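# The following comprises the amino acid sequence and a computationally predicted model.
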Amino acid sequence: MCLGILYDIVTCFSRREPSARAGGGPSYRTWGGETDVIHNRLITWYRMIPDRDTCFAILADHKVDEHIIAHSMSVERVALHIARLHAEQNGDGSLDLSLVSAGALLHDIAKVPAIYAGVKHSDMGADMMRDLGFVEVEPLVRQHVLLDDYTQNGAVTEAELVNYGDKRVTHDRIVTLKERFDDLYIRYGSRSPWAMEHVRQIHVHTLELEKKLFRSLSVRPDDLVDILRDKEEEVIGFHSG
Ligand SMILES: [Fe+2]
């Protein structure tokens, strides 16, 4: 069954609307307890990682701005490209491209409402994923600003790819890590000494992450700018439906 249709059916009946959770955290109000039960059962039956059509339906439902969608699509291109390189050059077929795609497309879903709510957009977006039943996407959205763990050991993960992809895109333009952080230091770091230190820490972590992602690949990180320029990445076609 196409997950896009499934999403339409479920959300049509459950009519989820944003509301504030007691204690300040973001949550979602639902109408109709029985539809929630159906929703949860469907999630149990199907491994609900939303396909691209469903991701765009979710973004439209939540009235996400066009420029955020464009940014997210560029993040998807970077993250998917690196995932494919790992599959091609390392024979690493463990990365789930559907999960990478969904995490990238939905990572900034709460960017604007979180500003008004005064909460972290990564946390609010993760809560939205969990409430929609996309529990596998939730950690990718929550960790897209800062990963829980920056270990050099272990296999490359989908969360690392989405986090790194987000650090390679300024607005909707794919750039080098240096260009991205030059912009972040000016836009965010200049707000306060704390903000500057925060950006600096993320920069240091991301340089380490970049080493991990590329140490076994034949391309250099900055090569991605040229590789992906004017080249439509084949992001469609890996979903079965
Ligand atoms: Fe982003």
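Noted; the coordinates are in hand.

# Whichever strand or helix holds residue 124 packs against which elements?
Per DSSP states H and E, residue 124 falls inside helix 121-132. Identification of packing neighbours for helix 121-132 by 3 or more CB pairs under 8 Å, 6 or more residues apart in numbering; DSSP states H and E yields strand 26-29, helix 111-117, helix 138-142. The way it works is simple: take the backbone N, C-alpha and C, and place the C-beta from them, glycine included.

# outside of the last one, which residues touch it?
The contact list for helix 138-142 (CB atoms under 8 Å, 6 or more residues apart in numbering) reads 99, 102-103, 106-107, 109, 122-123, 125-126, 128-130, 158-159, 162.

# list the buried ones in stretch 49-68?
Using 16 or more other CB atoms under 10 Å as the test for burial, stretch 49-68 gives 49-59, 62, 64, 68.

# hmm, back to that, mind picking the one among the contacts of helix 138-142 that's closest to residue 189?
Nearest to residue 189 among the contacts of helix 138-142 is residue 122, at 18.1 Å by CB to CB.

# need the contact list for the closest one.
107, 110, 141-146.

# Now with 10 Å, please.
Listed by CB atoms under 10 Å, 6 or more residues apart in numbering, the contact partners of residue 122 are 107-108, 110-111, 114, 140-146, 163.

# can you narrow these to ones near the ion?
residue 108 (CB under 5 Å from the ion).

# Let's see if you can find the most crowded of the contacts of residue 122.
residue 107 (31 neighbours; other CB atoms under 10 Å).

# OK, contacts around the nearest residue to it once chain neighbours are set aside?
Spatial nearest neighbour of residue 107, chain neighbours left out: residue 144 (4.3 Å); criterion: CB to CB, 6 or more residues apart in numbering. Residue 144 sits next to 75, 103-104, 106-108, 121-122, 125-126, 159, 162-167 when contact means CB under 10 Å, 6+ apart.
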